[in-house]
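Visitor: Got a predicted structure plus its sequence, pasted below:
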Amino acid sequence: MKKLTKTVKCKLILNDEQFNSIKNTLVSFNNACNDILKISDENRIKNKFRIQKLCYHDIKNRYRLPANLVVRAIARVSASKKSKIFNGLSFDLDARTFSFKNMKMSMSSINGRLKNISTCKGDYQRNMLDGKSSTSAKIVYDKKHKCFFIHIAIDYEINDAIPSGNVTGIDMGLYNIAYTTDRLKFSGKQVMHKRKQYIKLRASLQAKGTKGSKKLLKRLSGKEKRWMTDVNHNISKQIVDNNSCGDTLVLEDLKYIRKRIKLAKKQRTIVHSWAFGQLQNFIEYKAIGKGLIATYVDPRYTSQRCSKCGFVHRSNRNSHQFICKECGYTANADYNASCNIRKVYLDTLADGVMSKTPKATPAKAVASPCL
């Protein structure tokens, strides 16, 4: 049995008193986070229990936050990978600091418990939340529209999928964001073009260094991130919707890929901003929700190996075309790689253990063609 977590976003309908209480709680929470971060950096500790011992009572008294909100602030600082100033746009809730029923919620604040907070009622929210309970949520302030949203995390238990259908290999890259063995292709040309526009604009604003340019840089960063998230959501949805319950999606294990590959200076910014991890996560959780299986294989030499005869050589790949130097097989390079990814997984099933891709060698290796 697997657990799938989905986040339901609801707009809060607040009177002036509720709005001010939540906003003051938001300010106090993030000021507390910044003080906790300073203590964490000064003492060089990231363990939340050790941080809590050092500053819990002081933070609670200083900011008048409920006990559990202080604990949530410490947990947020502990979980942050980088030492950064917290922006004051959200704060975390847990089972003791909020509850909801019939599209109404209550939550803790610095002014005590706020009850009977109304939320916007939509069919999607009703269907997702009816009869469900949650132990975590996040309050987010929308600066543009000057309103608050609550993001409620809902856990679903899903039966483990049984492999019974097709196996689809998925190759990921920059020229084509994703290319599958079903010949589903997602071009990366427009994405790369827009990325380069953002890079050029950021460089221009950074060179100016004015107060206004710094504000614009911050706004652009959030805009680019939201846009790329939307692109990845759309791609992952189409890939998953193209398959049926019981099918298997085979992805490349690209962990540490940025450390392994050598890049020209011009390529580094584009590659290091490549959101492949997010796309893979989106594919994985959407697959689980639809009863598909998402698995990972070793990606080594999948772009150099011929999916027809198994011959491996660097010169097989010529830009976006794959031309085997041994058997003459010609195909789109990303499609050929997706076939190899699929075959690595099928070999794993046949052997009963994780099979390794062949070493790069001019010697011919026998391999079955991609089906």
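Guide: On my side now, so go ahead.
Visitor: any idea which helix or strand comes after the longest helix belonging to the chain?
Guide: Ranked by residue count, the top helix of the chain under DSSP state H comes out as helix 211-241. Counting by DSSP states H and E, the element after helix 211-241 in chain order, helix or strand, is strand 248-252.
Visitor: contacting residues around that following strand?
Guide: Residues external to strand 248-252 that are found in contact with it (CB atoms under 8 Å, 6 or more residues apart in numbering): 163, 165-172, 239-240, 243, 280, 283-284, 287, 292-297, 299, 302, 341-342, 344-345. From N, CA and C alone the C-beta is placed, and that goes for glycine too.
Visitor: do stretch 105-116 as well
Guide: Residues from elsewhere that reach stretch 105-116 (CB under 8 Å, 6+ apart): 12, 18, 21-22, 24-25, 28, 63-66, 68-69, 93, 96-100, 104, 117, 119, 139, 150.
Visitor: among those, which are in helices?
Guide: Members of the contacts of stretch 105-116 lying in helices (criterion: DSSP H): 18, 21-22, 24-25, 28, 63, 68-69.
Visitor: Turn those residues into a markdown table, columns for neighbour count and distance to Val8.
Guide: Output for the ones in helices among the contacts of stretch 105-116, formatted as a markdown table (neighbours: other CB atoms under 10 Å; distance: CB to CB, whole Å):
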| residue | neighbour count | distance to Val8 |
| --- | --- | --- |
| Gln18 | 20 | 20 |
| Ser21 | 18 | 23 |
| Ile22 | 23 | 18 |
| Asn24 | 15 | 25 |
| Thr25 | 24 | 21 |
| Ser28 | 22 | 26 |
| Tyr63 | 20 | 29 |
| Asn68 | 16 | 21 |
| Leu69 | 27 | 21 |
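Visitor: Specify which member of those residues is nearest to Arg76.
Guide: Distance to Arg76 across those (CB to CB) is lowest for Leu69, with 10.4 Å.
Visitor: so that closest one touches Cys33, yeah?
Guide: No. Leu69 lies out of contact with Cys33 (CB atoms under 8 Å); the separation is 10.5 Å.
Visitor: now stretch 204-211: mean pLDDT?
Guide: Stretch 204-211 carries an average pLDDT of 89.
Visitor: Helix or strand, whichever it is, which one in the protein has the lowest mean pLDDT?
Guide: The helix or strand of the chain with the poorest confidence is helix 265-272; it has a mean of 64 (mean pLDDT, DSSP states H and E).
Visitor: Phi and psi next, for the residue nearest the centre of the chain.
Guide: Central residue of the chain (CA atoms, centre = their mean): Gln278, 3.3 Å from the mean position. Torsion angles at Gln278 (phi, psi; degrees, to the nearest 10) stand at phi -60, psi -40.
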